[in-house]
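Engineer: When you get a sec, could you give me coordinates for this:
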Amino acid sequence: MTFIETPNAPKPGGHYSQAVVHGDLVFISGILPITPSGEKLTEATVLEQMQQVLKNLDAILEAAGSTREKVLKVTVFIADMEAWGLVNQLYTHFFGDHRPARSIVPVLPLHYGFGIELEAVAIV
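Structural biologist: Have a look, this model is predicted:
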């Protein structure tokens, strides 16, 4: 088991790793819209928040020896389902022809009032 921590994504805010690699799988913890330097994008639009989350996802995947094309499953937590259409467009552009399994979970506002959180499982 390998615990992943890259400076190219925000440091964990609690007792967890950015990701854990076990065998051929990488399990990526919930990713919030926080820059690698620690800036919380609470005032950003949900699209800007999603862009940062996806940048963080790419950085963590790279640190784990994986890529977005190897993502198997994504769970997106969203505070405002009204924004889902726009978020889905950005998600579709990010993954292109790759179509991982996905769940969308509507939630009350997330930590710090964020609108988006994403977790994923990928192969290495």
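Engineer: Got phi/psi on Pro106?
Structural biologist: Dihedral pair for Pro106: phi -70, psi 140, per degrees, to the nearest 10.
Engineer: Now do the contacts for it.
Structural biologist: Taking CB atoms under 8 Å, 6 or more residues apart in numbering as the criterion, Pro106 is in contact with 78-79, 81. All C-beta atoms are positioned from the backbone trio N, CA, C, and that covers glycine.
Engineer: quick one: it from Val76, how far?
Structural biologist: The gap separating Pro106 from Val76 is 10 Å, by CB to CB, to the nearest Å.
Engineer: Tell me where this structure has helices.
Structural biologist: Ranges of helices in the chain, per DSSP state H, are 46-63, 84-95.
Engineer: Deepest-packed of these, please.
Structural biologist: Most buried of the helices of the chain by mean neighbour count (mean count of other CB atoms under 10 Å) is helix 46-63; its value is a mean of 20.
Engineer: would you turn the helices of the chain into CSV with distance to Tyr16 and mean pLDDT?
Structural biologist: Below are the helices of the chain laid out as CSV (distance: least, CB to CB, whole Å; pLDDT from 0 to 100):
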stretch, distance to Tyr16, mean pLDDT
helix 46-63, 12, 97
helix 84-95, 24, 96
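Engineer: As JSON lines, these with distance to Gly13 would be great.
Structural biologist: Listed next are the helices of the chain as JSON lines, based on distance: least, CB to CB, whole Å:
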{"stretch": "helix 46-63", "distance to Gly13": "13"}
{"stretch": "helix 84-95", "distance to Gly13": "23"}
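Engineer: give me every residue that touches Leu54.
Structural biologist: Taking CB under 8 Å, 6+ apart as the test, what Leu54 contacts is 90-91, 94, 118.
Engineer: Span of stretch 102-119 from start to end?
Structural biologist: End-to-end distance of stretch 102-119: 10 Å, with CA to CA, to the nearest Å as the criterion.
Engineer: buried set for it?
Structural biologist: 110, 114-119 (16 or more other CB atoms under 10 Å).
Engineer: with those in mind, which one is nearest to Asn56?
Structural biologist: For the buried residues of stretch 102-119, the minimum distance to Asn56 (CB to CB) is 8.5 Å, reached by Leu118.
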